[in-house]
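> Below is the sequence, then the predicted model.
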Amino acid sequence: MIEFDYTAIVQFVVFLAALVSVNVFLFPPFLKIMKERRERTDAALEEAEKLEVDAEEKASAYFDAVQAARQESAEEAAQAGQLAVQKQQKITDDARVEAEKLLDELREKLGEESVSAQAALKSLSLNYAKQMASMLMGRDIQ
């Protein structure tokens, strides 16, 4: 038969006190930190997606411009012969170089922003981990 004495009541009170203190002091800050981190991550991902969409729009506009230039060149080639063919080649080469340069710049910018976002998130997560460890251990952690 199970016997209950005052130690069971004391243990139950200590358990309830520990449960309440964890729910009051530990979980809300932790959940807040996780929510903020998730929001920053989501914002960074949205920004990256916007940059990607913007790059795709610019590339599409570039390819449309190249297509228009090629059509114009073809018409001039029919009218002016060899001179128009040379002009088409120059326009196409310049447009290709410009597009490659633009795409390289956009890729580089996206890469830099990705690296800086990762570095910021890494730094923040380390700081939050130190803060949480300090809170849990009750002392300052270096």
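Good, I have the coordinates. Residues are numbered from 1 along each chain as shown.

> okay, CA-based contacts and neighbour counts for the rest of this
Noted.

> Sketch out the low-pLDDT regions of this protein for me.
1-2, 84, 142 (pLDDT under 70).

> Scan it for its longest helix.
helix 82-137 (DSSP state H).

> and that helix, how far from the chain's centre?
Averaging C-alpha positions (CA atoms, centre = their mean, to the nearest Å) puts helix 82-137 11 Å from its chain's average.

> Going forward, the N-terminal residue is numbered 19.
Yep, numbering from 19; the last one is helix 100-155 now.

> so what secondary structure elements neighbour it?
helix 45-98 (3 or more CA pairs under 8 Å, 6 or more residues apart in numbering; DSSP states H and E).

> what is the orientation angle of the helix it packs on with helix 100-155?
Computed with axes from the mean of the first three to the mean of the last three CA atoms, to 10 degrees, the direction of helix 45-98 lies at 180 degrees from that of helix 100-155.

> Show me what helix 45-98 packs onto, helices and strands only.
Looks like helix 45-98 contacts helix 100-155 (3+ CA pairs under 8 Å, 6+ apart).

> next one: stretch 34-45 to chain centre, how far?
34 Å.

> which residues sit against it?
residue 154 (CA atoms under 8 Å, 6 or more residues apart in numbering).

> mind checking the end-to-end distance for it?
15 Å (CA to CA, to the nearest Å).

> Could you give me the buried positions within it?
Judged by neighbour count (16 or more other CA atoms under 10 Å), stretch 34-45 contains no buried residues.

> now do stretch 70-79
Quick answer for stretch 70-79 (16+ other CA under 10 Å): 73, 76, 77.

> How much space separates the residue nearest to the first one when sequence neighbours are not counted from residue 74?
To tie it back to what came earlier, the one meant is residue 73. Closest residue to residue 73 apart from its sequence neighbours, by CA to CA, 6 or more residues apart in numbering: residue 124 at 6.6 Å. Note on residue 124: its distance to residue 74, by CA to CA, is 10 Å.

> One more: residue 113?
Residue 113 sits 16 Å away from residue 74, going by CA to CA.
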